[in-house]
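**Q** predicted model and sequence follow; I will ask about them next.
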There are 2 protein chains.
Amino acid sequence: MEETWSYTSAECEKLKPERHALAREIVTQMAETWTLWTMAVLAEAGGPVRFSRVKERVEGVSQKSLTKTLRQLERDGLVTRALFPEVPPRVEYTITPLGIAMLEQVHPLWLWTVRNVEAFEKARRKYDERR
Amino acid sequence: MEETWSYTSAECEKLKPERHALAREIVTQMAETWTLWTMAVLAEAGGPVRFSRVKERVEGVSQKSLTKTLRQLERDGLVTRALFPEVPPRVEYTITPLGIAMLEQVHPLWLWTVRNVEAFEKARRKYDERR
DNA sequence: CGGGATCCTACCGGATACTG
DNA sequence: CAGTATCCGGTAGGATCCCG
C-alpha cells in the first residue's frame, strides 16, 4: 500500500462528504489554540485531573476557553468528564485511548516541525528581505 | 529514542520561546481551512500551476482566501511564486521540497483520522443522546 | 469549585468593486 | 489574469459577574 499524500487524497474521496467534513473538523480542532496543550496535560498526568489543575497547567488559558476545549474533546470521545456531586463540586477529566492514539498521530508532525524550525525561520527572513 | 508525546514535550521545551511560537504557528496554519487542500493540489500537479488553475481545483475557495493562503505558504518556504510580467500577467505557484516534506508529515494524521471517522461519529451520537 | 451568561474586542473569511 | 481595497457578518476568546 502506497503511503503518500496522493493516497490520502484517494482515501478521502472515498468518504461521503459528511464524513469527510467531520474528519476535517477533527483535524482542524487539533490545531486550535488550546486543544493539543490540554490533551498533552491530560496525557502527561496519566489519570483523572480536576478542572482547576488543568487550568493551572495550560498556562494562559481562560476558564471559558478551557471549558469549550474540554467540551469539544469530550464530545469527540477524546476525553471523559466525571462529575462528583459533592460540595464543593469536583469534576475530573481523563484522556481516553482514542485521545492517546490521536496524540500519537500528531506527534511526528510536531517533532518534524520543531526539528525544522530553523528552515522556516530562514525562509521567513529571506521573504522579508525581498520586500 | 523514545518517540512519544512526552518526548515531544521535552523536545519543545528545549526550544527558545520564540522558536516554539513559530513551530506552533506553522502547525496551526496547516490546519487552516484551505492550506492543506492548496498544498495537495500543488503536490498533485507535480509542477508549476497558475493561480486560476489552483482556484479551480480548490473548490469553494475565494480569491482573497487563496491569495492569503498562498502568501503564507510562500513566506514559509513551502511554495514558490513566479511572476511573468506578460499581458495578461501570469503567476505560477510550485510546491517546494520543504512543502512536500511537510505534507508527508501531515499525511499519517489525516489517514488515521479518516480511518477512525466512525469512532468520532459514534462518540458524537452518544454525547448528543446524553443531553 | 466548576462552570453558565453576558459584554466586548479582534480577526477571519466571503462578496463586491476596481486596477496594472 | 492576478491581484488590492472595502465593507460586513460571524466567530474566537478574554474579562467579568453570578450561581448551585
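**A** Received, thanks.

**Q** and the strands in chain A?
**A** Using DSSP state E, the strands of chain A run over A:49-50, A:79-84, A:90-95.

**Q** and the ones you listed: which comes nearest DNA strand D?
**A** Of all those, it is strand A:90-95 that lies closest to DNA strand D, at 9.6 Å by CB to the nearest atom of the strand. C-beta: built from backbone N, CA, C; applies to glycine.

**Q** looking at chain A, which helix is longest?
**A** Longest helix of chain A, by residue count under DSSP state H: helix A:97-115.

**Q** got the residues of chain A near DNA strand D?
**A** Within reach of DNA strand D by CB under 7 Å from any atom of the strand, chain A has these residues: A:32, A:33, A:34, A:60, A:61, A:62, A:63, A:64, A:65, A:68, A:88, A:89.

**Q** 10 Å instead, please
**A** Residues of chain A found near DNA strand D (CB under 10 Å from any atom of the strand) are A:28-29, A:31-35, A:58, A:60-69, A:72, A:85-91.

**Q** just the buried ones from these?
**A** The neighbour count (16 or more other CB atoms under 10 Å in any protein chain shown) marks A:28, A:29, A:31, A:32, A:34, A:35, A:58, A:61, A:65, A:66, A:69, A:72 as buried among these.

**Q** which stretches of chain A aren't confidently modelled?
**A** Across chain A, the ranges flagged by pLDDT under 70 are A:1-15.

**Q** quick one: the helices in chain A?
**A** For chain A, the helices defined by DSSP H cover A:5-13, A:17-30, A:35-45, A:51-57, A:63-75, A:97-115, A:117-129.

**Q** tell me the most buried of these?
**A** Highest mean neighbour count of the helices of chain A: helix A:35-45, a mean of 21 (counted as mean count of other CB atoms under 10 Å in any protein chain shown).

**Q** so is that one next to chain B?
**A** Yes. Judged by CB under 8 Å from any CB of the partner chain, helix A:35-45 and chain B are in contact via A:40, A:43, A:44.

**Q** my guess is the first one meets residue A:103, correct?
**A** In this case it means residue A:40. Yes. Judged on CB atoms under 8 Å, residue A:40 makes contact with residue A:103 at a distance of 7.0 Å.

**Q** if we can go back for a sec, contacts for the longest helix of chain A?
**A** Identification of contacts with helix A:97-115 by CB atoms under 8 Å, 6 or more residues apart in numbering or on different chains yields A:30, A:36, A:39-40, A:42-43, A:73, A:77-79, A:95, A:120, B:3-5, B:7-8, B:11-12, B:15, B:20, B:23, B:26-27, B:30, B:101-102, B:105-106, B:108-109, B:112-113, B:116, B:119, B:123.
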